[in-house]
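Peer 1: predicted model follows, preceded by the sequence.
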2 protein chains.
Amino acid sequence: MPAQEGDRATLARVAAEAEVSLSTVSKVLNGRGGVGDDTRARVETLLHDHGYNRRGSAHVSTLIELVFGELGTEWTLEVLRGVERVAKESGLSVVVTQSGDRRGPAPDWVESALERSPVGVVLVLSGLPDESVRQLRVRNIPFVIIDPAGDPPPGVPSVGAANWSGGMAAARYLIELGHRRIAVVSGPDDMLMARARLSGFRSALDAASIALPSEYVRSGEFHRESGLEAGRELLALPEPPTAIFASSDLQALGIYEAARERGVIIPDQLSVIGFDDLPVAAWVGPPLTTVRQPTAEMAEQATRLVLGSRDASAGTQQLRLDLATELIPRDSTAPPPPL
Amino acid sequence: MPAQEGDRATLARVAAEAEVSLSTVSKVLNGRGGVGDDTRARVETLLHDHGYNRRGSAHVSTLIELVFGELGTEWTLEVLRGVERVAKESGLSVVVTQSGDRRGPAPDWVESALERSPVGVVLVLSGLPDESVRQLRVRNIPFVIIDPAGDPPPGVPSVGAANWSGGMAAARYLIELGHRRIAVVSGPDDMLMARARLSGFRSALDAASIALPSEYVRSGEFHRESGLEAGRELLALPEPPTAIFASSDLQALGIYEAARERGVIIPDQLSVIGFDDLPVAAWVGPPLTTVRQPTAEMAEQATRLVLGSRDASAGTQQLRLDLATELIPRDSTAPPPPL
């Protein structure tokens, strides 16, 4: 498809303002080498400022990019499954990259992805540097973030789970079982989803007029090790909780271990609820009560969003989708022991 | 790089024998459309029979293909991690496909992979149809199979674990603890790695003159459900075993559940050993004694093999690499209960 007249004029103006040739602008657009970093950044900023969007290209890609900050837990695999499923329906293949960390991909990723001209990009991390957003926007490559843990940059579409309601459902379930001494192990304070789960949990306790003493609130990474550490601290308190809400299944498994160490029986002496519903949640002993996060569905929705938005207007680019969470009762929760 | 004189002559001869034009032969080589399935197969067979290997191409790909028969368990994730690591070192990106089942990829996969002209292909499945082998060979795309569960086709390079020694190590460990009533849950009979684990296990028992009654030998899929079923049967025997060797960690978790159901305490009344050393093995209660399979390392080696073999002679293509397994003692094993 030839560039439209308006586009050509824009490119000429950008070249003039950046004091480079049209061919340099074209190199930047096509992710080719031979352009210094400063020049590249200047041209991209100008393209972005002029609202340039590339409309179509002779090259029809069949690749979709999936970028993880961490190839961490089984959660990762659920995401991959969801993206694979939708990609396959659409006759696309998935390029999987582990890049950077949860705050954003490494700087070299965008360059190498651009060379592949993907149909779209699904990012599983908590943020995307403005620089990357600009690079993708200018080339009209749609992208979406799954479960942003920080505030996604304005206008970046994202798909997540209803974390707040999930935290609330967990607390309500424990309250209905009769618990009053309920502790929580939260995720990292800088991750929005962790804050949302904690806040939903707090709201349910507030509504039931149950106090949440500060020593009952712990936080750490979503990993098992953090749950183990927090579990040890909580069970060592003079008045230990009768129930703990962990913000991830892996944290809950750490609490299981802390309970084993002290000879505390789950659920007779301690109730534990997790979050995620990884396959392992159903496999441990006792099987873990948890808040199911529809991970594979989130990944499918994100992929559909990216594919559907190829020709979408700026309006749908603003989309934020939160899929419902669901409490899955299993055997790690019971009424509190008699006082 | 232009085709060499000898190549051109070969292509002309193939075109003549297949009664098609040279341009049709070229279409087949480049994975382009417009050629009927029969013609394509005829041309490929002739190219293969004439020993044609494409030598280089103008297009330098930066993609490596990773194909899974199943996106199943956490084992999958370990493989992905290993391949990602080596790909990144080499500046390559990984296209991940779930295709077909463990016997081989779906027929359409090869076509779509060929369009991407990958640098190499890593397959995680138990077999590869002759047709696919021929298609990859003719285009000089190196490939390797990770942990083939059946006999790999002749000349197909593969990377696996020392399954036989692993099975033997598990049995020896149980024997040294004093067990004599030892049962085994094997994997699917049609998978070579399952047979190797069982055979190593049998050899250790034989060497110690310990009988293995046929009711102590069960088999099923590598999944948890099979372990649960086999565990229920074994624990219901008039003379139940005091130790069980499961051929996968997930089977071992099924045995944990069967033991819980009957109130059998692990390890006091029953010792359990798994195979794989998935992360979950260390997380369950009690932490699982298991045979570590160096999955990520196997994936790394497979990827290196594929990258290194780009210019390798036919000799190194025959390579079969078995990485060592290692017994990881944890808390699910103990001496047998007194009679």
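Peer 2: Looks like it arrived, so ask away.
Peer 1: pop the domain breakdown of chain A in here.
Peer 2: For chain A, automatic domain parsing gives the domain ranges A:5-49, A:63-161+A:296-323, A:163-294.
Peer 1: what are the phi and psi angles of A:S271?
Peer 2: phi -100, psi 140 (degrees, to the nearest 10).
Peer 1: residues touching it, list them.
Peer 2: A:174, A:177, A:179, A:242-244, A:289, A:332-334, A:336 (CB atoms under 8 Å, 6 or more residues apart in numbering or on different chains). The way it works is simple: take the backbone N, C-alpha and C, and place the C-beta from them, glycine included.
Peer 1: please repeat the previous calculation with a cut-off of 7 Å.
Peer 2: Applying CB atoms under 7 Å, 6 or more residues apart in numbering or on different chains, one finds that A:S271 lies in contact with A:174, A:177, A:179, A:242-243, A:332-334.
Peer 1: which positions in the stretch 51-200 of chain A make contact with chain B?
Peer 2: Counting by CB under 7 Å from any CB of the partner chain, the positions of the stretch 51-200 of chain A adjacent to chain B are A:71, A:74, A:76-77, A:80-81, A:84, A:93-98, A:112.
Peer 1: now tabulate the domains of chain A in JSON lines and tack on mean pLDDT.
Peer 2: Shown next, in JSON lines, are the domains of chain A (pLDDT from 0 to 100):
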{"stretch": "domain A:5-49", "mean pLDDT": "80"}
{"stretch": "domain A:63-161+A:296-323", "mean pLDDT": "80"}
{"stretch": "domain A:163-294", "mean pLDDT": "94"}
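Peer 1: for B:P267, find the nearest of the ones you listed.
Peer 2: Smallest distance to B:P267 across those (CB to CB): 13.4 Å, for domain A:163-294.
Peer 1: that older thread, so how do I select the buried members of the contacts of A:S271 in PyMOL?
Peer 2: Remark: buried members of those, expressed as a PyMOL selection using 16 or more other CB atoms under 10 Å in any protein chain shown:
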select buried, chain A and resi 174+177+179+242+243+332+333+334
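Peer 1: which of the contacts of A:S271 lies closest to chain B?
Peer 2: Comparing the contacts of A:S271 against chain B with CB to the nearest CB places A:S332 closest, at 11.6 Å.
Peer 1: for chain A, which segments count as strands?
Peer 2: Using DSSP state E, the strands found in chain A span residues A:63-68, A:93-98, A:120-124, A:143-146, A:158-161, A:182-186, A:217-219, A:243-246, A:271-276, A:289-292, A:320-323, A:326-328.
Peer 1: packing partners for the last one?
Peer 2: In other words, strand A:326-328. Applying 3 or more CB pairs under 7 Å, 6 or more residues apart in numbering or on different chains; DSSP states H and E, we find strand A:326-328 packed against helix A:163-177, strand A:289-292.
Peer 1: so how far is it off the chain centroid?
Peer 2: Remark: strand A:326-328 is offset 20 Å from the chain centroid, using CA atoms, centre = their mean, to the nearest Å.
Peer 1: what lines up beside it in the sheet?
Peer 2: strand A:289-292 (antiparallel) (DSSP bridges).
Peer 1: residues in contact with A:P294?
Peer 2: A:161, A:323.
Peer 1: same question but for A:V184, I mixed them up
Peer 2: Contacts of A:V184 by CB under 7 Å, 6+ apart are A:198, A:201, A:216-217, A:245.
Peer 1: same deal with A:T10?
Peer 2: A:50, A:52.
Peer 1: related to what we said a few turns ago, looking at the domains of chain A, which is nearest to B:A15?
Peer 2: domain A:63-161+A:296-323 (30.2 Å).
Peer 1: for the closest one, measure first residue to last.
Peer 2: 26 Å (CA to CA, to the nearest Å).
Peer 1: could you do stretch A:214-233 as well?
Peer 2: Separation of the first and last residues of stretch A:214-233 by CA to CA is 13 Å.
Peer 1: and the residues of the stretch 51-200 of chain A next to chain B, which two are the farthest apart?
Peer 2: Between any two of those, the greatest separation by CB to CB is 27.3 Å, found for A:E74 and A:S112.
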